[in-house]
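Chemist: Just to be clear, the model below is a prediction. Sequence and coordinates:
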Amino acid sequence: MKKILLYNSGGGLGDSIQLFTLILSLQKHFKSSEFFYLGAHENHFQGKLKEFNINIKTLDLGLKYFGFRWWHFLVAKKRFIDLEAKKRKEKFVPKKRSTEQKLDKIDLIIDLQSKLRNTIILNKIPHDHFYSPTYGFKFCTKKAEYSSDNHLENLSNFLNTNIGISKFSLNNLEEKYKSEAKRLLPDNNYIGFSLTQGNLYREKRWPINKFMDLATKIVELNKIPVFFIEKKETELIEEIKSKIPKAIFPEYHSNISCPALVTALASRLSLAISIDNGVMHMMSLANIPMIVLFGPTDSDKFAPKIDKIKVIDSKKIYKSKNINTITVHDVYKLI
C-alpha cells in the first residue's frame with residue numbers, strides 16, 4: 001500500500017478528532033505508506049489541529065465541498081490525474097514509455113461517510129481498493145463480513161489483516177501546552193464544563209442556568225468548577241462569575257489559544273461535563289472521566305469512544321430531541 005486516501009464529509013473539528021485513532025492505527029500498521037486526506041472541507045490536521053502532530057497530507061483536487069456537487073463526478077478523475085502529472089513534473093520525473101506507463105492511482109481509498117452521491121463521486125478517483133459503508137458496503141471492491149460500524153474492524157476484514165488499535169497519547173503534545181495547563185490548573189480537584197456550541201443549525205446547548213445550578217452543587221462538594229469558554233464570550237463569563245465566584249476560566253488567563261491547550265487542560269480535571277461540541281472531543285483525548293449530554297444529535301455516532309464515559313441522551317431517556325428535558329439531577333447523580 002503505497003498511497004492510502006481517507007475521505008470524510010464532516011467539516012467540524014470534532015469530526016476530525018474522531019478519526020485520530022483510525023489514522024494512528026493505520027499509520028502504525030502500514031508504516032511505509034503515504035497517507036492523504038480528502039474532505040468536503042479543510043484539512044484540520046494541517047490547520048487548527050496541527051499541534052496534535054497527526055501527519056496526513058492533503059489531496060487537493062481544487063474542488064470545494066468535494067462530493068457535494070454532482071458535477072464533481074465529471075471532473076474528479078481528470079483533476080486527480082492532472083495533479084499527479086503536475087507532481088511528476090515538479091519532481092522532474094520523466095514519463096515512462098507507453099508500454100511501461102502505469103496510471104497514477106490510490107492503492108486504498110477509505111470512504112468514512114455514507115452519502116450515496118459523495119461515494120459515487122469519490123469512486124471516480126483511480127484506485128486498486130475501495131472501502132465504503134455506503135449502501136450496505138456494496139461499493140467495496142472486496143466482499144467481506146462487515147458486521148459493525150467499527151471501521152478498523154471492517155478494514156481488517158476487508159484487507160485480510162489484523163490492524164491493532166493505536167490511540168492518541170498526551171506524549172504527542174509539546175511540553176509547552178502541558179506546562180501551561182499545570183500553571184493554570186495547579187491542583188487536582190477540578191471539574192470541567194463545556195457549554196457552548198460552534199455550529200448553531202441544531203440546538204445542542206443545555207441551558208446556562210442548569211449548568212450554573214450544577215456548578216453550585218459542585219462547589220458544595222469542595223470541587224472547583226472550570227469553564228471552557230473562549231475569551232470573546234465576555235458577557236457569558238461575567239454572568240457565570242457573578243453567580244459562581246469560585247469558577248475558573250483558564251483560557252481567559254492564557255496567551256495560548258488552540259485545541260492542544262484544551263486537551264492539556266482537560267488532563268488536569270477529575271471529571272469533564274460537556275454537551276456535544278468540539279471541546280467535548282478535545283477533552284476526550286485526555287482520556288479522563290466524562291459525562292456528555294445529547295439532544296438532537298446521535299450519541300451512538302458522536303459520543304467519544306473512551307472507557308470512562310457516561311452518556312445522557314434526551315432521546316433515550318425522555319423520547320425527546322430537546323436537550324432541555326435533561327435535569328440537573330440527571331447529571332448530578334452520575335458525578
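Modeler: Now that the structure is in, tell me what you want to look at.
Chemist: Just read off the phi/psi values of Thr327.
Modeler: Phi and psi for Thr327, reported as degrees, to the nearest 10, are phi -90, psi 160.
Chemist: what about it, how many residues close to it?
Modeler: When neighbours are counted by other Cβ atoms under 10 Å, Thr327 registers 15. C-beta here means a position set from N, CA and C on the backbone, and glycine is covered the same way.
Chemist: what about it, distance to Lys210?
Modeler: Counting by Cβ to Cβ, to the nearest Å, the gap from Thr327 to Lys210 is 8 Å.
Chemist: ditto for Leu112
Modeler: 34 Å.
Chemist: Could you do Ile165 as well?
Modeler: With distances taken as Cβ to Cβ, Ile165 is found 36 Å from Lys210.
Chemist: repeat for Gln46
Modeler: 38 Å.
Chemist: more neighbours, these two?
Modeler: Lys210 (18 against 14).
Chemist: residue ranges of the helices in the protein, please?
Modeler: Shown for the chain, the helices assigned by DSSP state H span residues 13-17, 20-29, 72-90, 116-122, 134-137, 151-159, 175-184, 208-220, 234-243, 259-266, 278-284, 299-302, 314-317, 328-332.
Chemist: By mean pLDDT, show me the worst of these.
Modeler: Ranked by mean pLDDT, those end with helix 72-90 at the bottom, a mean of 89.
Chemist: Output that helix as CSV, restricted to C-alpha atoms.
Modeler: Output in CSV follows, covering the C-alpha atoms of helix 72-90 (Å, rounded to 0.1, in the frame of the first residue of the first chain):
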residue,chain,number,x,y,z
HIS,A,72,-17.6,16.8,-9.4
PHE,A,73,-18.5,13.3,-10.9
LEU,A,74,-17.4,14.6,-14.4
VAL,A,75,-14.1,16.1,-13.3
ALA,A,76,-12.8,14.1,-10.3
LYS,A,77,-10.8,11.6,-12.3
LYS,A,78,-9.2,14.2,-14.5
ARG,A,79,-8.4,16.5,-11.6
PHE,A,80,-6.6,13.6,-9.9
ILE,A,81,-4.6,12.6,-13.0
ASP,A,82,-3.6,16.2,-13.7
LEU,A,83,-2.5,16.6,-10.1
GLU,A,84,-0.3,13.6,-10.3
ALA,A,85,1.2,14.8,-13.6
LYS,A,86,2.0,18.1,-12.0
LYS,A,87,3.8,16.3,-9.2
ARG,A,88,5.9,14.3,-11.6
LYS,A,89,6.8,17.5,-13.5
GLU,A,90,7.8,19.3,-10.3
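Chemist: Would you mind pulling up the elements that it packs against?
Modeler: helix 116-122 (3 or more Cβ pairs under 8 Å, 6 or more residues apart in numbering; DSSP states H and E).
Chemist: Output the helix it packs on as CSV, nothing but the C-alphas.
Modeler: Provided in CSV are the C-alpha atoms of helix 116-122 (Å, rounded to 0.1, in the frame of the first residue of the first chain):
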residue,chain,number,x,y,z
LEU,A,116,-24.5,7.9,-1.9
ARG,A,117,-23.7,10.9,-4.1
ASN,A,118,-20.4,11.5,-2.4
THR,A,119,-19.4,7.9,-2.6
ILE,A,120,-20.2,7.7,-6.4
ILE,A,121,-18.0,10.8,-7.0
LEU,A,122,-15.2,9.5,-4.8
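Chemist: in it, what counts as buried?
Modeler: 118-122 (16 or more other Cβ atoms under 10 Å).
Chemist: Okay, domains of this structure per the record?
Modeler: As given by automatic domain parsing, the domain ranges for the chain are 3-159, 174-332.
Chemist: Can you say which of the helices of the chain is nearest to Met290?
Modeler: helix 278-284 (6.4 Å; Cβ to Cβ).
Chemist: Retrieve the pLDDT associated with His41.
Modeler: In this model, His41 carries a pLDDT of 89.
Chemist: what's the spacing between it and Thr196?
Modeler: 21 Å.
Chemist: Check Ser299 too.
Modeler: Distance from Ser299 to Thr196, by Cβ to Cβ: 19 Å.
Chemist: and what of Ala85?
Modeler: 46 Å.
Chemist: What residues does the residue lying closest to Pro133 once chain neighbours are set aside make contact with?
Modeler: Spatially, and ignoring its direct neighbours in sequence, Pro133 is nearest to Ser114 (5.1 Å; Cβ to Cβ, 6 or more residues apart in numbering). When contacts are counted by Cβ atoms under 8 Å, 6 or more residues apart in numbering, Ser114 touches 132-135.
Chemist: okay, Ser114: pLDDT?
Modeler: 93.
Chemist: cool, Trp70 as well?
Modeler: Value for Trp70, per-residue pLDDT: 96.
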